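Chemist: I would like the atomic coordinates for the input below:
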Amino acid sequence: MNRKIAIITGITGQDGPYLAELLLKKNYKVIGILRESFSINLSNLEYLGIKSKIIFDSCDLTNMVSVINLLNKYQPTEFYNLASQSSVGLSFSKPTETLNFNILSVVNILESIRLINKCIKFYQASSSEMFGSINDLPLTENTVFNPVSPYGISKASAHWIVVNYRRAYGLYTTSGILFNHESILRGDNFIIKKVIKAAIDIKNNKQDILEVGDIDIKRDFGYAPEYVEAMYLMMQNKNPDDYIICSGKSLSLREIIFYIFKHFEIDKNKIVINKNFFRPGEIRDIYGDSTKAKNKLGWNYNLNFLKVIDMIIDEEVGKS
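Modeler: This next block holds a predicted model:
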């Protein structure tokens with residue numbers, strides 16, 4: 001049997017390294033794509049000890065010729081598109097950049113697959129931010145999108161492009177609608193890692209307070225290593241489809257932050273609300289239903305997120 005070849009964009013983020021680790025264990029040849037003109041940080045891959053096992057190449061996903069050359073060069077069996085401008089907050093200050101990259105890159109990849117080899121399976125990292133403010137919870141694959149940020153709009157547009165290429169051209173395209181998921185590899189600008197690192201610094205007298213925005217919003221949080229397993233299962237299923245991947249429960253940022261501060265025995269008075277951090281049109285509460293993924297993919301998730309926080313804290317303290 002020929003060895004499967006997987007291309008992963010967004011290889012240096014949080015999910016890319018965990019997905020690469022999983023595919024390498026399954027004897028895939030993994031091609032990690034780096035964005036041209038960007039500084040390259042391979043620390044997450046080094047942390048997992050898999051950097052030397054991955055073939056790296058660069059590709060401008062906003063240039064279709066570049067994508068076509070990439071497909072011709074490696075002839076992949078699977079293409080996992082995890083690359084995006086992924087910060088909701090940043091999307092408000094850079095909407096044009098967010099919309100341009102997150103939409104155009106997907107069109108270029110899918111059109112290149114259509115022209116070069118329709119047998120290449122394609123995975124798109126969709127997002128719960130596509131749903132926006134919805135009062136009817138839990139969210140399912142049939143819930144209508146109502147995005148409230150440039151990031152959510154870009155992801156919803158890309159999602160429908162993926163659906164269109166599946167229906168109109170018969171490509172194997174699948175989307176994982178992932179809700180918030182965290183790990184030690186998450187960037188420091190994301191809320192969970194930001195709070196943990198701040199708590200460590202406050203405990204070590206390197207920082208006085210933690211400034212946060214609206215902490216009464218609630219989100220559906222999960223653990224990244226288990227969520228990438230769902231990505232793999234989607235690509236192995238006979239028929240391509242779209243799946244919500246989530247824990248099925250929501251927690252408030254207040255509960256999470258207080259839990260972390262209690263762990264480090266830090267006074268809650270060290271938490272300071274800064275209204276400059278509030279986002280326009282903020283989603284108050286969101287959680288999903290992953291029944292479809294459980295029934296059709298055999299994916300099960302039952303981790304309590306406070307236990308996930310404990311794991312991340314242990315790893316972060318071990319790194320310090």
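
Chemist: got the buried residues for the longest helix along the chain?
Modeler: Taking DSSP state H as the criterion, the chain has its longest helix at helix 95-116. Buried positions in helix 95-116, judged by neighbour count with 16 or more other CB atoms under 10 Å: 95, 98-99, 101-113, 116. Yep, even glycine has a C-beta here, placed from its N, CA and C like the rest.

Chemist: double-check residue 103 against residue 154; I have them as touching.
Modeler: Yes - with contact defined as CB atoms under 8 Å, residue 103 reaches residue 154; the gap is 5.6 Å.

Chemist: and residue 272, which of the three is it?
Modeler: Here residue 272 is strand, with the state taken from DSSP: H, G, I helix; E, B strand; the rest coil.

Chemist: now residue 141
Modeler: Three-state call for residue 141 (three-state DSSP): coil.

Chemist: again, but for residue 19
Modeler: helix.

Chemist: how about low-confidence regions in the stretch 51-200 of the chain?
Modeler: Counting by pLDDT under 70, the stretch 51-200 of the chain contains low-confidence residues at 86.

Chemist: what about the helices in it?
Modeler: With helices called from DSSP state H, counting those that start in this stretch, the stretch 51-200 of the chain shows them at 64-74, 88-93, 95-116, 150-169, 191-203.

Chemist: go on, the stretch 201-320 of the chain?
Modeler: Counting by DSSP H, counting those that start in this stretch, one finds helices in the stretch 201-320 of the chain at the ranges 224-236, 253-263, 291-297, 305-319.

Chemist: contact partners of the shortest one?
Modeler: Surrounding helix 291-297, the residues in contact under the criterion CB atoms under 8 Å, 6 or more residues apart in numbering are 140, 141, 230, 233, 234, 237, 241, 243, 244, 245, 299, 300.

Chemist: at 10 Å instead, please
Modeler: Applying CB atoms under 10 Å, 6 or more residues apart in numbering, the set of residues contacting helix 291-297 from outside is 138, 140-142, 176-177, 229-230, 232-234, 236-239, 241-246, 248, 290, 299-301.
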